[in-house]
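> Have a look at this fold, sequence not included:
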Ligand SMILES: [Ca+2]
Ligand SMILES: [Ca+2]
């Protein structure tokens, strides 16, 4: 009996240790301590800053605003995004809580707003008001789009998770989860683009520019090498729960072992 208890507890402890060790994200940010190493990229008149306006958790978030008055005429849009560099990754998952505070509905049929961007792979909302995943095709001149069935409500936070998976060079895959449910899967060839970064915030492209003012809040970002999922079952929580639970299980093993030893005597 004693040996069985020890074996079972040891297996549980090992599993918890393995899960907590493998669950280390590349980085996390709840935007409670400033911009840190984020690089900010914006078009004229647009901002991407730490804000106290409608955080998802805590008191701060990342707040992106596009003024709708000056834009990049070359590709027909504006952007206000925070960027982190990624190096030599063939699999990467990026999760964030995102709310479109203002700017919906989009005025023209080719308009869209992008919230999470890897090179050539975006999570966006299109003119229809639904979340979508977008990827460049192999010629890098047109976009493939898969719409989800999730209509975006202004002011509501959604848990968006975008995965980039390089099955082989030229056969890249994108997956999108919304509030923990997989909603889209798309294949593409990123061609000459390299996966060198991930952007959060908002970037627009317009079919015909309308001067739409858009604000987007982002909070609780996690970037990792495997599926993250919504809070509280995210990597931070697994780390925080996994380690103490492991300690408790090991303590039980020790107590049971000592007790059995005592009874035997
Ligand atoms: Ca926060
Ligand atoms: Ca602008």
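In hand now; what should we look at? Every value quoted in this text rests on a predicted model; they were computed, and no experiment measured them. Ligands and ions are numbered 1, 2, ... in the order given.
> can we go C-alpha only for contacts and neighbour counts from here?
Noted.
> all strands for the stretch 151-265 of the chain, in order.
158-168, 171-178, 181-188, 197-205, 214-224 (DSSP state E, counting those that start in this stretch).
> Quick check: buried residues in the fourth one?
With burial defined by 16 or more other Cα atoms under 10 Å, the residues of strand 197-205 counted as buried are 198, 199, 200, 201, 202, 203, 204, 205.
> So for ligand 1, which of the strands of the stretch 151-265 of the chain sits nearest?
With distances scored as Cα to the ion, the stretch of the strands of the stretch 151-265 of the chain nearest to ligand 1 is strand 214-224 (5.3 Å).
> Point out the other helices and strands that that closest one packs with.
strand 27-29, strand 61-66, strand 91-102, strand 197-205 (3 or more Cα pairs under 8 Å, 6 or more residues apart in numbering; DSSP states H and E).
> and among these, the most buried is which?
Comparing those on average neighbours per residue, with mean count of other Cα atoms under 10 Å, the densest one is strand 61-66 at a mean of 28.
> tally of neighbours for the nearest residue to residue 32 once chain neighbours are set aside?
Nearest residue to residue 32, sequence neighbours excluded (Cα to Cα, 6 or more residues apart in numbering): residue 60, at 5.3 Å. The number of residues packed near residue 60 is 22, by other Cα atoms under 10 Å.
> Also residue 68?
Residue 68 has 19 neighbouring residues, counting by other Cα under 10 Å.
> wait, what's in contact with the closest residue to ligand 2 within the chain?
Distance from ligand 2 to each residue of the chain (Cα to the ion) is smallest for residue 70, at 3.9 Å. Residue 70 makes contact with 43, 44, 45, 78, according to Cα atoms under 8 Å, 6 or more residues apart in numbering.
> thought residue 146 was touching residue 186?
Yes. The pair residue 146 / residue 186 is scored as a contact, 7.2 Å apart, by Cα atoms under 8 Å.
> Residue 49 is in contact with residue 60, correct?
No. Counting by Cα under 8 Å, residue 60 sits too far from residue 49 to count as a contact (10.1 Å).
> What residues does the chain have near ligand 1?
Neighbours of ligand 1 within the chain, by Cα under 5 Å from the ion: 30, 57, 58, 60, 61.
> which residues touch residue 126?
Residues near residue 126 by Cα under 8 Å, 6+ apart: 106, 110, 111, 112, 113, 132.
> give me that answer again for 6 Å
Neighbouring residues of residue 126 by Cα atoms under 6 Å, 6 or more residues apart in numbering: residue 112.
> Bridge partners for it, pull those for me.
Under the criterion DSSP bridges, residue 126 forms beta bridges with residue 112.
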